[in-house]
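Undergrad: sequence? don't have it. structure:
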């Protein structure tokens, strides 16, 4: 019986392969408010574990399932031909909760990578963050906080501030968080175990946070968000895995504007918790 269930889940996951809707499972109804009550006194490691457990159990608001197309183009350096691509992004940052009561969460890149892997996604580059901002229909002014930046209550407070700004507007949102990104700067940084962050666009497009790898991976504060990107990219009408695009010298400019575009994913921490059912799918 267990084998039949596994086969069915694998089939359903593959069936979603070219659909811009993530294969989230139905969760147990944990709300965003309750999540932050549980996480209030947690350190980063415990908070990571809780987010992983709840995200992979399906406790995410349903609007995050419906990814939004972002169209980009770049000229082929050899032929001068304009190449076009479409990538699909979550309309908002990673959140826990129900459709009526949800909240954005802040986690390490290692935890984010585990969730992204399980949902057939990856994390964006600096260029993609800029492209997402340009495509966004809801652009909000950044709101910096200055005390207890890495505390869980500050993360909850910042979510509530953003919701006060948003006032119910719907659509692809940007400008509200710095993005955790993939970047060649990580593998070239003299210090190990870095996290790359970028963004927090002000009106007009200027960013508060340039591309930065000065923090160790476990530093997480209220301003950092996780944007999931579907790993299949449509390039000139052809579906490609994002790793294929990055490894093609003529195509990588569609997704990356750095000199070195060879850091494609963060490691998954060996001590991180996993959802057993999800592990069976991969």
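TA: The structure has been received and is ready for your questions. Given the structure is predicted, the values throughout are model-derived calculations rather than measurements. Numbering: from 1, shown residues only.

Undergrad: Which parts of this protein are strands?
TA: According to DSSP state E, the chain carries its strands in the segments 68-75, 82-89, 95-97, 102-104, 121-122, 138-139, 173-174, 178-181, 194-201, 207-216, 224-225, 229-230, 232-235, 238-241.

Undergrad: Please name the strands paired to the fourth one in the sheet, noting orientation.
TA: Neighbouring strands of strand 102-104 in its sheet, by DSSP bridges, are strand 95-97 (antiparallel).

Undergrad: How about the last one?
TA: Strand 238-241 has these partner strands in its sheet, going by DSSP bridges: strand 232-235 (antiparallel).

Undergrad: Would you mark the buried spots in the strand it pairs with?
TA: Judged by neighbour count (16 or more other Cβ atoms under 10 Å), strand 232-235 contains these buried residues: 232, 233, 234, 235. Bear in mind the C-beta positions are built from the backbone N, C-alpha and C, glycine included.

Undergrad: The first one and residue 59: what is the separation?
TA: Residue 232 sits 25 Å away from residue 59 when distances are taken as Cβ to Cβ, to the nearest Å.

Undergrad: so can I have JSON lines of the strands of the chain showing distance to residue 130 and mean pLDDT?
TA: Formatted as JSON lines, the strands of the chain follow (distance: least, Cβ to Cβ, whole Å; pLDDT from 0 to 100):
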{"stretch": "strand 68-75", "distance to residue 130": "10", "mean pLDDT": "96"}
{"stretch": "strand 82-89", "distance to residue 130": "12", "mean pLDDT": "97"}
{"stretch": "strand 95-97", "distance to residue 130": "22", "mean pLDDT": "98"}
{"stretch": "strand 102-104", "distance to residue 130": "20", "mean pLDDT": "98"}
{"stretch": "strand 121-122", "distance to residue 130": "17", "mean pLDDT": "98"}
{"stretch": "strand 138-139", "distance to residue 130": "13", "mean pLDDT": "98"}
{"stretch": "strand 173-174", "distance to residue 130": "10", "mean pLDDT": "98"}
{"stretch": "strand 178-181", "distance to residue 130": "10", "mean pLDDT": "98"}
{"stretch": "strand 194-201", "distance to residue 130": "8", "mean pLDDT": "98"}
{"stretch": "strand 207-216", "distance to residue 130": "8", "mean pLDDT": "98"}
{"stretch": "strand 224-225", "distance to residue 130": "15", "mean pLDDT": "98"}
{"stretch": "strand 229-230", "distance to residue 130": "14", "mean pLDDT": "98"}
{"stretch": "strand 232-235", "distance to residue 130": "17", "mean pLDDT": "98"}
{"stretch": "strand 238-241", "distance to residue 130": "21", "mean pLDDT": "98"}
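
Undergrad: right, and those strands - which one's nearest residue 30?
TA: strand 95-97 (6.8 Å; Cβ to Cβ).

Undergrad: list the buried ones in that closest one?
TA: So for strand 95-97, counting by 16+ other Cβ under 10 Å, buried means 95, 96, 97.

Undergrad: so the last one touches residue 36, yeah?
TA: No. Counting by Cβ atoms under 8 Å, residue 97 stays clear of residue 36, with 9.4 Å between them.

Undergrad: Pull up the overlap in contacts between these two.
TA: residue 103 (Cβ atoms under 8 Å, 6 or more residues apart in numbering).

Undergrad: now the helices for the stretch 51-200 of the chain?
TA: Secondary structure of the stretch 51-200 of the chain (DSSP state H, counting those that start in this stretch): helices at 109-118, 126-135, 152-166, 184-188.

Undergrad: what's the span of stretch 187-206, first residue to last?
TA: End-to-end distance of stretch 187-206 (Cα to Cα, to the nearest Å): 26 Å.

Undergrad: Flag every buried residue along it.
TA: In stretch 187-206, counting by 16+ other Cβ under 10 Å, buried: 194, 195, 196, 197, 198, 199, 200, 201.

Undergrad: Output the buried residues of strand 95-97 as a markdown table; include the columns distance to residue 210.
TA: Shown next, in a markdown table, are those (distance: Cβ to Cβ, whole Å):
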| residue | distance to residue 210 |
| --- | --- |
| 95 | 26 |
| 96 | 29 |
| 97 | 32 |
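
Undergrad: Out of the residues you listed, the closest to residue 256 would be?
TA: residue 95 (26.4 Å).

Undergrad: Name the spans of the stretch 1-150 of the chain whose pLDDT lies under the cut-off.
TA: Along the stretch 1-150 of the chain, segments meeting pLDDT under 70 span 1-28.
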